[in-house]
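Enquirer: coords below, sequence missing:
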């Protein structure tokens, strides 16, 4: 397990790292000696996994994946405006509620998604109470659809209801658009499944004050280049999924002059700036649709085994591949290995939830953990763990990003483009970090942590690829 | 040079680093093998350097230094206001010009300091042209004094003239105040020795628009906690000397709501935000007086061998020790190993200049380079060089900072408190990074780079300590 060649590379190579394959207790004993150990969580690959080079139809998979990655990295997501969901999201109707992850009917929805749906129906004025909202949701009157079926993404429960304001992100290189709500902050918020007066009041203020202020500013200034902001934020300690302090700061800098020029209500402007300053996750709802906008033009490349969607609804975990972009491969959503807020334990935790893994899919988020060592304490790891996570993800990605780089890795491009073939060959599953919602509706956030994507959906996808 | 114990620690320890002592070519051959090498630039220590434990008067130097460090780390610098230099800086008169570094008379002033003085005298209306200003400066009409003699600090030439607005920083733990001008940005700016219409126009706008906007905002809101901002910025890729992108962003977030509430001129507010957004060094003129405010209460501890001032005027490099705080130990300012802007070479470079090394003196800046790997390309190094610089500086510092930590080093405190004894014992000289000014007056910035502090001033200081 530690060969003499390891010794040699330990002496002659860069920081000594040991890939621990399989037996965790061995890694622990190495760790006690202060060795850097990368846990690969290895399982024997399914029998007969060898490199699949061509589809049955004769398409070169490497060529297809090269094109997929070319499109992803050529994307230039810009903030081009804000709008009301029903007006701007294609296919959104007055009785549509969008949610995170793969499709799921009301009876199978997890607690936080139900809570967010109930809260949204009350907020919309369609129901008077959460109970009434639950009856309405169960009645079939409401159309539930994944955000991903409407060019949208949503963090955690990911609920988008018709009157909510959304960011409009346009990929200038391809012309496609993506959408996301505005981030509410932490605490008792709809996306974690909370409802109640505090939640509705905040949503109303966001629609009445935050939305027009941002909308007027965006309409007045030059479009904000989100690829540039993400690239900068990765040099400032963010990975743009669970840490967005730099991105939020840079956004405020970018929009500040236009906000000042277009907002004639000084107190409203002050409160908008204070709201953004008070919520270091504000930029998440821009890094996510930026990722979505970059990924969509890469959907539908025949023969491509690259994952272009990875999302969870709190019940199921689902992925979609570039080569068959309308088909979901799903597996049960996993349990998060987390740190909990005071008063909560793992008993309270809902399984993994949200569209925010679109960031990992686009080559940042957890895959760029090495850029965000300060996140370590938030999700229960060390700076070295963060470096190890990124190093490991290179093993399952088809490319290194041309625009997103990691200073601590000597500006190496982030791992981008999960290749189902590499995941099956190496047995390495995507590593994600995430917030944790309470499993009951109406409560909210209880913690944050890390987990691996479930193996089954990648195995199913790989079987499907073999039949292409 | 590489012992068997090195081999063992290379295999069993944290990332393999080799301290290369003396012979640089040996280090180069190790580097070609991708080994991490810390260049110590070692010279045989002066004969007879052994640990000095007590002064001749019987004071325990360790005890004295412990108190010095306690005071430095207890400091809580807050932005409490802005004011006009002549009104708020003690001892400032209508014919005083403050400059960076140790005392220097006009005839020995370097080009950029002369240029900044000439520009300031024209800006003040005391002279009509730079030539006339030079005559006035030479005539004895103008009192030249170091910023450091007036609780102030200034980057590069560090020129403060009577009508310039300054930040007022108060150390809430001790009640002392420090002062610094507002940062002009890059390009043709006074602090790099430039003068002319563009320079005066910017200074006038800063006095007429930037100053009242910031002053009103600071007067309205809670005092901004600079220790907190520096600590955060160190987790966001800044070292708060040559990289201040995060600090500048966080400052704008902190002052934004109050600026919005107090500025009744929307266009002025927009321009102020755009000016700050356009200058990632804006926070430098706050990190510097924050450092000064933290260090001053630690001056005057009998028997303390800690450096509490380190500054350059472009001609001389000077330090002062806590145990004898009014005495400068000086040596010729060094030449910077730098990268140059297009059209300039090392031939154009003025020697090392500015008070900005107050940041290293206070335990950040170049000493926290490991926090700022993205600065690497700016000053011509790698991320690993940045880590190595901080690791080396621990060897000459008395403590690790309680409040300033470095994520990439697993949140280890930054090296703080240069101990002249350790510098003499190890032969390791403080490593600085800095901008480079043109050696002629009136031109401005030509590059940026790194260098070591000169040995002679530390040797002289150590001799003086022996006589205490």
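Expert: Everything's here; your move. Quick caveat: nothing in here was measured; it's all calculated off a predicted structure.

Enquirer: C-alpha only now, for contacts and for neighbours.
Expert: Will do.

Enquirer: Pretty sure residue A:298 sits against residue A:308.
Expert: Yes - between residue A:298 and residue A:308 there is a contact under CA atoms under 8 Å: 7.3 Å.

Enquirer: shared neighbours, those two?
Expert: In terms of CA atoms under 8 Å, 6 or more residues apart in numbering or on different chains, residue A:298 and residue A:308 are both contacted by the residues residue A:322.

Enquirer: Which one's more surrounded, these two?
Expert: Counting neighbours by other CA atoms under 10 Å in any protein chain shown for residue A:298 and for residue A:308 shows that residue A:308 has the greater number, 30 against 26.

Enquirer: Name the helix or strand for that one, please.
Expert: Element membership of residue A:308 [criterion: DSSP states H and E] is strand A:307-313.

Enquirer: partners of that strand in the sheet?
Expert: strand A:316-321 (antiparallel), strand A:353-354 (antiparallel) (DSSP bridges).

Enquirer: Go through those strands and pick out the most buried.
Expert: strand A:353-354 (a mean of 30; mean count of other CA atoms under 10 Å in any protein chain shown).

Enquirer: so how far is it off the chain centroid?
Expert: Centroid separation for strand A:353-354 versus its chain: 8 Å, with CA atoms, centre = their mean, to the nearest Å.

Enquirer: what's the answer for stretch A:305-315, then?
Expert: Using CA atoms, centre = their mean, the offset of stretch A:305-315 from its chain centre is 9 Å.

Enquirer: residues in contact with the residue of the stretch 51-200 of chain A found nearest chain B?
Expert: Chain B sits closest to residue A:185 of the stretch 51-200 of chain A, with a gap of 15.9 Å, by CA to the nearest CA. For residue A:185, the residues meeting the contact criterion (CA under 8 Å, 6+ apart) are A:278-282.

Enquirer: Got a PyMOL select line for the buried ones in the residues you listed?
Expert: Selection of the buried residues among the contacts of residue A:185 in PyMOL, burial being defined by 16 or more other CA atoms under 10 Å in any protein chain shown:
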select buried, chain A and resi 279+280+281+282
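
Enquirer: For the helix or strand harbouring residue A:285, buried residues please.
Expert: Per DSSP H and E, residue A:285 falls inside helix A:284-295. For helix A:284-295, burial by neighbour count (16+ other CA under 10 Å) applies to A:284-295.

Enquirer: relative to strand A:307-313, how tilted is it?
Expert: Relative orientation of helix A:284-295 versus strand A:307-313 (axes from the mean of the first three to the mean of the last three CA atoms, to 10 degrees): 140 degrees.

Enquirer: same question for helix A:284-295, mean pLDDT?
Expert: Averaged across helix A:284-295, pLDDT comes to 98.

Enquirer: Which residues does it contact?
Expert: A:71-78, A:151-155, A:167, A:169-171, A:176-183, A:226-227, A:230, A:240-242, A:244, A:308-309, A:355-356, A:358-359, A:361-362.

Enquirer: In strands, which of those appear?
Expert: A:77-78, A:167, A:169-171, A:177-181, A:308-309 (DSSP state E).

Enquirer: in the stretch 351-468 of chain A, what spans have low per-residue confidence?
Expert: A:377-380 (pLDDT under 70).

Enquirer: So the residue nearest to residue A:56 when sequence neighbours are not counted, which state does it fall into?
Expert: Using CA to CA, 6 or more residues apart in numbering or on different chains and skipping residues adjacent in sequence, the residue nearest residue A:56 is residue A:468, 5.7 Å away. For residue A:468, the assignment made with DSSP: H, G, I helix; E, B strand; the rest coil gives coil.

Enquirer: number of nearby residues for residue A:468?
Expert: Neighbours of residue A:468 (other CA under 10 Å): 15.

Enquirer: what about the helices in the stretch 151-300 of chain A?
Expert: Taking DSSP state H, counting those that start in this stretch as the criterion, the stretch 151-300 of chain A carries its helices at A:197-205, A:211-220, A:226-233, A:245-262, A:266-277, A:284-295.

Enquirer: Tell me which of the ones you listed sits nearest to residue B:139.
Expert: Residue B:139 lies closest to helix A:245-262 among the helices of the stretch 151-300 of chain A, at 45.8 Å (CA to CA).

Enquirer: Can you pull out the low-pLDDT segments for chain A?
Expert: For chain A, the ranges with pLDDT under 70 are A:1-48, A:377-380.

Enquirer: what's the domain layout of it?
Expert: A:1-39, A:53-71+A:299-466, A:76-291 (automatic domain parsing).

Enquirer: and residue B:445, which of the ones you listed is closest to it?
Expert: domain A:76-291 (24.4 Å).

Enquirer: Give the helix, strand or coil label for residue A:68.
Expert: Secondary structure, three-state DSSP: residue A:68 is helix.

Enquirer: what's the burial count for it?
Expert: The burial count for residue A:68: 29, using other CA under 10 Å.

Enquirer: Based on its surroundings, how many neighbours for residue A:208?
Expert: Residue A:208 has 12 neighbours, counted by other CA under 10 Å.

Enquirer: whoops, I mixed them up, residue A:466
Expert: 11.

Enquirer: Quick check: chain neighbours aside, which residue is closest to it?
Expert: The nearest residue in space to residue A:466 (CA to CA, 6+ apart) is residue A:55, at 6.7 Å.

Enquirer: Any figure for the gap between the one you found and residue B:295?
Expert: To residue B:295, residue A:55 is 68 Å away according to CA to CA, to the nearest Å.

Enquirer: Kindly report the residues of the stretch 251-400 of chain A close to chain B.
Expert: A:252-254, A:256-261, A:264, A:266-267, A:269-271, A:273-274, A:277, A:373-374, A:382-384 (CA under 8 Å from any CA of the partner chain).

Enquirer: List only those of these flagged as buried.
Expert: Taking 16+ other CA under 10 Å as the criterion, what is buried in these is A:252-254, A:256-261, A:266, A:269-271, A:273-274, A:277, A:373-374, A:382-384.

Enquirer: returning to that earlier point: from the ones in strands among the contacts of helix A:284-295, pick the one nearest residue A:214.
Expert: Checking the ones in strands among the contacts of helix A:284-295 one by one against residue A:214 (CA to CA), the nearest turns out to be residue A:167, at 9.4 Å.

Enquirer: show me the contacts for that closest one.
Expert: A:79, A:81-83, A:179-182, A:286.

Enquirer: partners of it in the sheet?
Expert: Beta-bridge partners of residue A:167, as defined by DSSP bridges: residue A:82, residue A:180.
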